[in-house]
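Undergrad: Give the three-dimensional model of this entry:
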Amino acid sequence: MGAMKETLGFQTEVKQLLHLMIHSLYSNKEIFLRELVSNASDACDKLRFEAINDASLFESDSDLKIRVQFDKDQRTITITDNGIGLSRDEAVEHLGTIAKSGTKEFFGKLSGDQKKDAELIGQFGVGFYSAFIVADEVKVRSRRAGLPIDQGVEWTSKGDGEFTVEAIEKAERGTEITLHLKADEDELLSGWKLKSILTRYSDHISLPIQMVKEEWDEESGGMKATGEWETVNKANALWARSKSEVTEEQYNEFYKSISFDFQDPLAHTHNKVEGGASEYTSLLYIPAKAPFDLWDRNQQKGIKLYVKRVFIMDDADQLMPAYLRFVKGVIDSADLPLNVSREILQESRDVRLIRDGSVKKVLGMLEDLATNQPEKYTTFWNEFGQVLKEGVGDDQANRDRIAKLLRFASTHTDTADQTVSLADYVGRMKEGQDKIYYVTADTYTAAKYSPHLEVFKKKGVEVLLLSDRVDEWMLSHLSEFDGKALQSCAKGGLDLGQLEDEQEKETKKKVEGEFKDVLKRIEELLKDKIKEARVTLRLTDSPACLVADEQGMSEHLKRLLKQAGQQAPDTKPILELNPEHPLIQRLKIEKNHFDEWVNILFDQATLAEGGQLEDPAGFVRRLNMLLLTVKA
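TA: Take a look at the predicted model:
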């Protein structure tokens with residue numbers, strides 16, 4: 001194969017990422033070594049996995065390792081691995097483009113604030129490109145395992161928008177990355193410095209990371225290389241160690257290496273399950289910050305699957321349900337076959353046992369945070385609460401545990417913060433109250449000022465204020481808690497049970513008789529818009545409101561379905577009128593403009609519900625006309 005040198009341009013997103021990264025991450029520049037060593041480890045893991053079915057890929061060298069060298073005179077650092085390596089096409093694809101889903105969303109969320117952007121860039125995963133934080137030129141020499149010696153590739157770039165690729169001969173498979181350091185990075189040209197970075201960030205890597213041993217040289221008054229390689233990390237999987245052997249810092253650094261996160265996690269759980277139907281080890285983490293693609297239920301999950309310390313796959317989505325997709329970590333099974341596929345994972349009884357056990361561990365972590373570290377749980381809830389709510393419908397077996405972890409805004413707290421648990425609510429229920437009342441709306445403010453709350457404010461009854469998009473779906477799966485039914489304030493004839501006194505019931509019967517003819521006229525006028533009209537005592541300030549039938553779908557849920565492009569049932573709301581309100585009293589005597597008043601009341605109730613008017617211009621016209629009829 002003849003040598004062919006070609007100059008190519010980086011993908012636009014790569015140029016953006018390089019610029020952002022070099023400027024935003026410089027204060028944490030040491031992570032370049034963690035990222036490159038982590039990539040080298042992944043390359044060795046992939047070779048070991050592919051060699052399960054094709055041992056010839058080892059090419060008579062199954063001793064997998066990573067080596068780190070530096071050259072003071074040339075001002076270079078070189079990271080070498082004997083892993084799977086890259087073909088020419090893979091070098092162009094993996095080192096010149098970003099194929100990651102959510103790239104557009106990622107760049108859309110960047111704010112220009114270097115500190116905030118640094119956190120986001122970390123979540124996105126900087127990997128190989130972190131080399132340009134400290135280097136003004138990067139050279140990659142690689143050959144994919146199984147390819148002939150003359151099909152190696154050399155990739156070179158100064159990080160300035162383009163790179164070159166050239167065919168080379170390379171006897172050893174794997175990858176060698178050489179960084180030519182920038183002028184102000186001399187401190188990295190030190191064996192002690194590089195070892196300290198590797199010990200801090202990469203001690204958990206299960207492969208040996210080797211450096212040339214140095215010893216003190218009296219003649220030169222400095223450290224001198226001996227030519228002998230030494231392993232500078234523990235070289236055994238962190239999750240395989242006893243908990244007593246692992247420090248909090250090591251747990252945190254391992255999390256950062258597998259999650260692309262720069263922040264410490266909120267919590268972790270490290271467990272070894274043995275002696276039962278399935279043997280496995282798990283190390284699972286709760287992050288402190290939501291990733292930019294959290295709402296993509298198909299996005300890459302955070303669980304790495306190993307079998308007997310052999311890496312099998314990233315994104316092992318069969319091991320963690322979608323509502324816990326924020327969990328990061330490692331699961332290492334002693335029972336699964338090494339050639340396990342995603343199809344086998346779907347059918348495997350062992351996988352179901354591991355998944356069930358892991359879910360219980362994660363929920364246990366959250367329960368511990370909620371009980372013993374409420375500030376941390378508040379952080380968790382603000383980041384991931386809406387996703388956890390999906391579990392109410394997704395995971396029937398753990399619904400009660402999840403329900404206890406839910407948090408809501410309520411009329412009790414008078415803030416938008418979601419801090420009220422269902423247990424808190426039940427503990428504050430008024431004497432005679434047998435239901436948990438809630439109202440749903442598009443925003444917290446709309447929920448807080450909903451006309452449906454008026455009677456509850458009057459009686460001092462707490463109401464949960466729900467405004468997350470997932471809430472309506474969640475409530476379709478959560479009908480009761482602690483024996484108390486959940487009741488929408490915007491549904492049916494409001495049954496307040498013992499909270500409603502006899503006098504109120506008598507008053508309601510009386511006004512129903514007084515307004516019988518008015519209600520009949522309203523129903524005839526609005527027959528295409530409402531199911532029925534009736535008087536209510538749920539309102540104290542507003543003249544009217546719309547409610548759903550007892551078994552019907554709320555207007556809020558119908559709007560959400562339509563916004564999502566889905567079919568909503570063609571049901572009509574009930575118009576309830578406040579008989580004490582002057583506008584409703586006027587309807588009994590109104591002769592000239594009855595139709596206009598009724599239409600305006602219906603439109604007002606629609607707006608108060610958060611709905612959109614079918615005929616806004618008609619509403620304005622009627623309102624203006626009635627305003628002009630009012631005597632000055």
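Undergrad: and D417, how many neighbours?
TA: Neighbour count for D417, taken as other CB atoms under 10 Å: 14. From N, CA and C alone the C-beta is placed, and that goes for glycine too.
Undergrad: just T443 next, same as before
TA: 12.
Undergrad: what residues are up against the nearest residue to it once chain neighbours are set aside?
TA: Nearest residue to T443, sequence neighbours excluded (CB to CB, 6 or more residues apart in numbering): S467, at 5.3 Å. Neighbour list for S467: A409, T440, A441, D442, T443, Y444, A446, A447 [criterion: CB atoms under 8 Å, 6 or more residues apart in numbering].
Undergrad: try 6 Å
TA: S467 is in contact with A441, T443, Y444, A447, counting by CB atoms under 6 Å, 6 or more residues apart in numbering.
Undergrad: do the same with E590
TA: Counting by CB under 6 Å, 6+ apart, E590 has contacts W597.
Undergrad: which SS state does it fall under?
TA: Assigned with DSSP: H, G, I helix; E, B strand; the rest coil, E590 falls in the coil class.
Undergrad: Can you give me the pLDDT of it?
TA: We have a pLDDT of 81 for E590.
Undergrad: List buried residues within the contacts of S467.
TA: A441, Y444, A447 (16 or more other CB atoms under 10 Å).
Undergrad: Okay, now the unreliable bits of the stretch 401-550 of the chain?
TA: 492-502, 504-505, 550 (pLDDT under 70).
Undergrad: quick one: the helices in it?
TA: Secondary structure of the stretch 401-550 of the chain (DSSP state H, counting those that start in this stretch): helices located at 422-427, 444-448, 454-459, 471-475, 502-514, 516-525.
Undergrad: Also the stretch 201-350 of the chain?
TA: In the stretch 201-350 of the chain, the segments counted as helices under DSSP H, counting those that start in this stretch are 248-259, 342-347, 349-372.
Undergrad: want to throw the ones you listed into JSON lines with mean neighbour count, distance to Q69 and mean pLDDT?
TA: Shown next, in JSON lines, are the helices of the stretch 201-350 of the chain (neighbours: other CB atoms under 10 Å; distance: least, CB to CB, whole Å; pLDDT from 0 to 100):
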{"stretch": "helix 248-259", "mean neighbour count": "18", "distance to Q69": "21", "mean pLDDT": "89"}
{"stretch": "helix 342-347", "mean neighbour count": "13", "distance to Q69": "38", "mean pLDDT": "77"}
{"stretch": "helix 349-372", "mean neighbour count": "18", "distance to Q69": "40", "mean pLDDT": "94"}
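Undergrad: Tell me which of the ones you listed sits nearest to L194.
TA: Between L194 and the helices of the stretch 201-350 of the chain, the shortest gap by CB to CB is with helix 248-259, which sits at 16.0 Å.
Undergrad: neighbours around K529, how many?
TA: Neighbours around K529, by other CB under 10 Å: 15.
Undergrad: where's it relative to L601, distance?
TA: Distance, K529 to L601, by CB to CB, to the nearest Å: 12 Å.
Undergrad: likewise D89?
TA: According to CB to CB, D89 and L601 sit 69 Å apart.
Undergrad: so what secondary structure elements neighbour whatever helix or strand L627 lives in?
TA: L627 is located in helix 616-629, with elements delineated by DSSP states H and E. Packing partners of helix 616-629 (3 or more CB pairs under 6 Å, 6 or more residues apart in numbering; DSSP states H and E): helix 594-608.
Undergrad: so how far is the helix it packs on off the chain centroid?
TA: Remark: helix 594-608 is offset 42 Å from the chain centroid, using CA atoms, centre = their mean, to the nearest Å.
Undergrad: ok and it relative to helix 616-629, angle-wise?
TA: Put simply, helix 594-608 runs at 120 degrees to helix 616-629, going by axes from the mean of the first three to the mean of the last three CA atoms, to 10 degrees.
Undergrad: where's T178, which helix or strand?
TA: strand 174-181.
Undergrad: Okay, now the sheet partners of that strand, with direction.
TA: strand 76-81 (antiparallel), strand 135-143 (antiparallel) (DSSP bridges).
Undergrad: next structured bit after the first one?
TA: With elements assigned by DSSP H and E, the helix or strand that comes after strand 76-81 is helix 88-96.
Undergrad: same deal with the longest one?
TA: The first helix or strand that comes after strand 135-143 along the chain, using DSSP H and E, is strand 152-157.
Undergrad: Against which helices or strands is that following strand packed?
TA: helix 88-96, strand 135-143, strand 162-168.
Undergrad: among the helices of the stretch 201-350 of the chain, which is nearest N271?
TA: Closest approach to N271 among these is made by helix 349-372 (6.0 Å; CB to CB).
Undergrad: With distance to A288 as added columns, please give the helices of the stretch 401-550 of the chain in JSON lines.
TA: JSON lines is the format used below for the helices of the stretch 401-550 of the chain (distance: least, CB to CB, whole Å):
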{"stretch": "helix 422-427", "distance to A288": "24"}
{"stretch": "helix 444-448", "distance to A288": "24"}
{"stretch": "helix 454-459", "distance to A288": "36"}
{"stretch": "helix 471-475", "distance to A288": "24"}
{"stretch": "helix 502-514", "distance to A288": "50"}
{"stretch": "helix 516-525", "distance to A288": "54"}
